[in-house]
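> show me how the following folds:
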Amino acid sequence: MDLTTANRNAYLMRAPDAADDHGYLGTQLTCQTHSDLFAGAYLNSSYGPEQPLFDDYEGTLGYAHAGRIPTEWSLQYTHLFVPADSRLLRATITDNVEASLAHNFDFVYASLTADGFFGGTRDVVLTWNVSRAFSLPVSARDTLHITPTFELGTGTQRFYAASLARRVQRCA
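Next up is the predicted model:
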């Protein structure tokens with residue numbers, strides 16, 4: 001069982017207009033079984049005025065294989081519950097399918113991820129990620145872990161145009 005709360009500033013969590021973009025706080029709960037199946041829920045809260053406590057939800061089901069060999073892979077499906085009047089860029093996306101392959105080369109950890117986004121539009125995003133973890137002893141009982149990461153991504157952005165079109169329709 002894993003519970004994570006963090007400020008999330010991902011591209012899909014942004015609003016197209018600066019006046020609507022107040023930042024977001026996300027809380028994620030994930031439970032993984034011994035058979036490598038996992039389920040998760042993500043609650044997103046906007047910092048903006050007149051916003052409900054949670055204005056965006058996600059539900060995820062998946063399988064993550066991390067055996068004794070240094071290669072890992074995962075496959076997951078996420079359904080996004082976004083209100084019809086949401087100003088977030090991702091408001092036109094309702095479903096996400098993600099496949100990831102990663103390998104630990106001892107000196108560096110590398111992964112390749114493919115995402116398919118579906119809903120009002122269809123988009124595909126590929127992401128290549130390379131990271132290196134460093135552990136620095138702070139005291140006899142404490143260690144500081146730092147993981148610098150380099151990431152390249154490419155893909156379509158039809159959801160962006162659809163989000164802007166929705167905004168124009170609402171204002172008309």
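> residue 129 reaches residue 110, doesn't it?
Yes - Residue 129 is within contact range of residue 110, at 6.9 Å (criterion: Cβ atoms under 8 Å). Quick note: C-beta positions are derived from backbone N, CA and C, even for glycine.
> residues contacting residue 70?
Taking Cβ atoms under 8 Å, 6 or more residues apart in numbering as the criterion, residue 70 is in contact with 103, 104, 105, 106.
> mind doing that once more with 7 Å?
Counting by Cβ atoms under 7 Å, 6 or more residues apart in numbering, residue 70 makes contact with 103, 104.
> report pLDDT for it.
The model reports residue 70 with a pLDDT of 91.
> next one: it from residue 106, what distance?
8 Å (Cβ to Cβ, to the nearest Å).
> repeat that for residue 130.
Relative to residue 106, residue 130 is positioned 13 Å away (criterion: Cβ to Cβ).
> can you check residue 33 too?
Between residue 33 and residue 106 the computed distance is 29 Å (Cβ to Cβ).
> quick one: strands adjacent to the strand or helix carrying residue 103?
Following DSSP states H and E, the helix or strand that holds residue 103 is strand 93-104. Its sheet considered, strand 93-104 pairs with strand 71-81 (antiparallel), strand 109-119 (antiparallel) by DSSP bridges.
> mind checking those strands for the one nearest to residue 97?
In this view, the strands paired with strand 93-104 are compared for proximity to residue 97 by Cβ to Cβ, and strand 109-119 is the closest at 4.6 Å.
> how far off centre is the closest one?
10 Å (Cα atoms, centre = their mean, to the nearest Å).
> tell me which helix or strand comes right after it.
Beyond strand 109-119 on the C-terminal side, the first helix or strand identified by DSSP H and E is strand 123-131.
> in this structure, which ranges drop under the pLDDT threshold?
Within the chain, the set of residues satisfying pLDDT under 70 comprises 1-25, 45-55, 85-91, 167-168, 170-172.
> strands of that one, start to end?
For the chain, the strands identified by DSSP state E occupy 2-7, 24-32, 37-46, 56-66, 71-81, 93-104, 109-119, 123-131, 134-137, 143-146, 149-155, in order along the chain.
> CSV please, covering those strands and showing distance to residue 165 and mean neighbour count.
As requested, the strands of the chain are exported to CSV (distance: least, Cβ to Cβ, whole Å; neighbours: other Cβ atoms under 10 Å):
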stretch, distance to residue 165, mean neighbour count
strand 2-7, 29, 10
strand 24-32, 23, 16
strand 37-46, 22, 17
strand 56-66, 20, 16
strand 71-81, 19, 16
strand 93-104, 14, 16
strand 109-119, 14, 17
strand 123-131, 15, 15
strand 134-137, 45, 9
strand 143-146, 42, 9
strand 149-155, 19, 11
